[in-house]
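Participant: sequence and predicted structure, then a few things I'm wondering about:
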Amino acid sequence: MRALFLENSEELGQVSEARDSVEGILGQAPRKNEPKVWFESTKSMSQVLSAENQDLLRTIINTKPHSITELEEITNRKKSNLSRTLKTLEKYGIVELKRIKGKIMPEAKATDFIVEFGLHYSCPVPQ
């Protein structure tokens, strides 16, 4: 498992602008093999990393389900809701949905999250 560096670009404006300027502000960029994930707002970050989604991630790690159907039975969540959540987690690199023999098998790719955000008063963003 690996750690994800999570950035909040909400106070920096557009994500493309934030990517260029945040590297210098933070002082320590992730290494090449460490993913960096950007969220539009702290609200979207909290939704993706909600307690319910953390529980789902723990379940995937502990039970290693062979399909979404198996995960549905374990979690008692509806398949459509589960699929939507897993696709969102995959979008952010938290899980991988492997297609094996016509089944989709979820696999956890990250278990630790390093979150950095701030108001940038100590290192103002160049205008």
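Facilitator: Yep, that arrived. Numbering: from 1, shown residues only.

Participant: can we go C-alpha only for contacts and neighbour counts from here?
Facilitator: OK.

Participant: can you pull the poorly scored residue ranges out of the protein?
Facilitator: Scanning the chain for pLDDT under 70 picks out 1-35, 117-127.

Participant: show me what counts as buried in the strand or helix carrying residue 61.
Facilitator: Using DSSP states H and E, residue 61 sits in helix 51-63. By neighbour count on 16 or more other C-alpha atoms under 10 Å, the buried set for helix 51-63 is 53, 56-57, 59-61.

Participant: mind putting the residues you listed in a markdown table, distance to residue 93 included?
Facilitator: Shown next, in a markdown table, are the buried residues of helix 51-63 (distance: C-alpha to C-alpha, whole Å):
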| residue | distance to residue 93 |
| --- | --- |
| 53 | 14 |
| 56 | 15 |
| 57 | 12 |
| 59 | 17 |
| 60 | 14 |
| 61 | 15 |
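
Participant: closest one to residue 110 out of these, please.
Facilitator: Closest approach between the buried residues of helix 51-63 and residue 110, by C-alpha to C-alpha: residue 57, at 8.9 Å.

Participant: quick check: bridge partners of the closest residue to the closest one other than its chain neighbours?
Facilitator: Spatially, and ignoring its direct neighbours in sequence, residue 57 is nearest to residue 108 (6.6 Å; C-alpha to C-alpha, 6 or more residues apart in numbering). Beta bridges link residue 108 to residue 95, judged by DSSP bridges.

Participant: now residue 108: how far from residue 42?
Facilitator: Applying C-alpha to C-alpha, to the nearest Å, the value for residue 108 to residue 42 is 23 Å.

Participant: same question for residue 83.
Facilitator: Here residue 83 is placed at a distance of 23 Å from residue 42 (C-alpha to C-alpha).

Participant: which one of these two is surrounded by more residues?
Facilitator: Counted by other C-alpha atoms under 10 Å, residue 83 and residue 42 do not tie: residue 83 has more neighbours, with 18 against 15.

Participant: wait, what's in contact with the more buried one?
Facilitator: residue 68 (C-alpha atoms under 8 Å, 6 or more residues apart in numbering).

Participant: that one is in what secondary structure piece?
Facilitator: helix 79-91.

Participant: shouldn't the residue nearest to residue 57 be in contact with residue 61?
Facilitator: Yes. In this structure, residue 108 is within contact of residue 61 by C-alpha atoms under 8 Å, at 6.2 Å.

Participant: fine by me, we can end here.
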